[in-house]
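Engineer: What follows is a predicted protein model with its sequence.
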Amino acid sequence: MILTVTANPALDRSYRVEPFGINRVHRPLEWQVLAGGKGINVSRIVHTLGGRTCALCLLGGRTGRAIGAALLAESIPAKVVRLAGESRSCITIIDPEAHTQTEVNEPGPQVSPQELLRLLRAVRQSMRDMRPTWLALCGRMPVGIGDNFVGRIADECRKAGVWCAVDTSGPALAEAVDRHVDLVKPNEAELGALMGLPISTVESAADAALELALRSGVRVAATLGARGAVYTDGCGVWYAQPPPISFVSALGSGDAFLGAFCEADARGAPVEACLANGVGAGSANAEVMGAAMCRLDAIERCAALAVVRRLR
C-alpha cells in the first residue's frame, strides 16, 4: 500500500502544438486535462501497476472539485482535505517537432493553520486505517504550509512504522534530509543544488548521491532524465540505464519512477528489480502525453529492457 500526500495538487492541462511559437494563436493537435501534482502522479502509476494506493490531497474551489472529479473518473482512490482557497491549474505545451516543453504553473492557494492541522490529522488517520508500507510526500509546498511540514510528516511516519519517501526541492528537500526520511528522490539539478556540486555525468551523480547517503543516512534515488537513475543505500551504488524510446514528453517521468520503485519495494522486490521497474515506468511515461498516463504493458516492456548494474 502506497499512501501519497500532495499538498499542492493541480488541474493539469497539456497541449501538443506543432510548431509552437510566442506571440501567435495556436490550435492544439491534441490535449488532455488530468488531476495533477506529483503525489497524484505517483498514485496513478501505482494504480496502473495494480498496487494499492490512496492519494491524500488538499483541494479547494471549483478547480479542486474538478481535480476530485478527475480522480474519481480514473478510479484512483483519494482522500480529500478541503481548502477555502482555489486549487491551482498548470499548463504544459509540448512541441514534439522542436523537442520543447513549456510549462506555466500557478503557485497555488495559501494554507491556513487550521487547514494544515486538518491535513496532519488526515495523514495520521490514513496511516492508522490503511497501514501503508510507504508514504510518499511529493511536490511543491503551498504558501502557509510551514517550514517544518516535511519534518512533521517524517515524525508521523516514524511513529506509525511507515517508510517515508520525499520528492520535492529547495528547503523542503534539505529538511527531508535533515530529518532523516527513508528515501529522497531528487532529479540531477536538485541533487546538484543540495550538494553544491555540478552534476553532468552518471558518475558525478553517483558520487553526489553516495556522499549524501553517507552524510545523512538517507537512501537516495536520483533520476537523470534520459540517462536513467542512480540509487544508493550508503553501502552500494546502482545505476539503471533506460531503454531507447520514442520521446514525447518528460512531464511526470520522475513521479512515474518513484511510484513504480516504491510499489516494487513494497512487494519485497530486490533493489535491481525496483530500479528496473522505476526506470521502466519513467521511460514508458516519456513515450506519451500526460503525466503517468502510460500503459501497464509499456511499463513492463521498458522495465524488461532496462539495464541495472552495481557501480560500487
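Structural biologist: That came in fine, so what should we check first? Note that the coordinates shown come from a computational prediction; the quantities given were computed from them, not determined experimentally.
Engineer: per-residue confidence for the spatially most central residue of the chain?
Structural biologist: In the chain, the centroid-proximal residue (C-alpha atoms, centre = their mean) is residue 255; its distance is 3.0 Å. Predicted confidence (pLDDT) for residue 255: 98.
Engineer: ok so it is a helix residue?
Structural biologist: Yes: according to DSSP: H, G, I helix; E, B strand; the rest coil, residue 255 belongs to a helix.
Engineer: ok, it to residue 27 distance?
Structural biologist: 29 Å (C-beta to C-beta, to the nearest Å). For the C-beta atoms, the positions are set from N, CA and C on the backbone; glycine is no exception.
Engineer: what do you get for residue 21?
Structural biologist: Taking C-beta to C-beta, one finds residue 21 at 13 Å from residue 27.
Engineer: Ok, residue 207 next?
Structural biologist: Residue 207 is 47 Å from residue 27, by C-beta to C-beta.
Engineer: what about those two, which has more around it?
Structural biologist: Under the criterion of other C-beta atoms under 10 Å, the comparison of residue 207 against residue 27 puts residue 207 first, with 19 against 7.
Engineer: which residues does the more buried one contact?
Structural biologist: Taking C-beta atoms under 8 Å, 6 or more residues apart in numbering, we find residue 207 in contact with residue 197.
Engineer: Dump the C-alpha coordinates for the helix or strand where it lies into PDB.
Structural biologist: In this structure, residue 207 sits in helix 202-216 according to DSSP states H and E. Only the C-alpha atoms of helix 202-216 are listed here, as PDB (Å, rounded to 0.1, in the frame of the first residue of the first chain):
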ATOM      1  CA  VAL A 202      26.200   9.300 -14.200                       C
ATOM      2  CA  GLU A 203      29.400   9.000 -12.300                       C
ATOM      3  CA  SER A 204      29.100  12.500 -10.700                       C
ATOM      4  CA  ALA A 205      25.500  11.800  -9.800                       C
ATOM      5  CA  ALA A 206      26.600   8.500  -8.200                       C
ATOM      6  CA  ASP A 207      29.300  10.300  -6.200                       C
ATOM      7  CA  ALA A 208      27.000  13.000  -5.000                       C
ATOM      8  CA  ALA A 209      24.200  10.500  -4.100                       C
ATOM      9  CA  LEU A 210      26.600   8.400  -2.100                       C
ATOM     10  CA  GLU A 211      28.100  11.400  -0.300                       C
ATOM     11  CA  LEU A 212      24.600  12.500   0.600                       C
ATOM     12  CA  ALA A 213      23.600   9.000   1.800                       C
ATOM     13  CA  LEU A 214      26.700   8.600   3.900                       C
ATOM     14  CA  ARG A 215      26.300  12.000   5.500                       C
ATOM     15  CA  SER A 216      22.700  11.700   6.300                       C
END
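Engineer: Just give me how far it sits from the chain centre.
Structural biologist: 20 Å (C-alpha atoms, centre = their mean, to the nearest Å).
Engineer: Check which helices and strands the helix or strand just after that helix is in contact with.
Structural biologist: Next helix or strand after helix 202-216 toward the C-terminus (DSSP H and E): strand 219-223. Judged by 3 or more C-beta pairs under 8 Å, 6 or more residues apart in numbering; DSSP states H and E, strand 219-223 is in contact with strand 183-184, helix 188-195, helix 202-216, strand 229-232, helix 253-266, helix 271-286.
Engineer: longest helix of the chain?
Structural biologist: In the chain, with assignment by DSSP state H, the single longest helix is helix 113-130.
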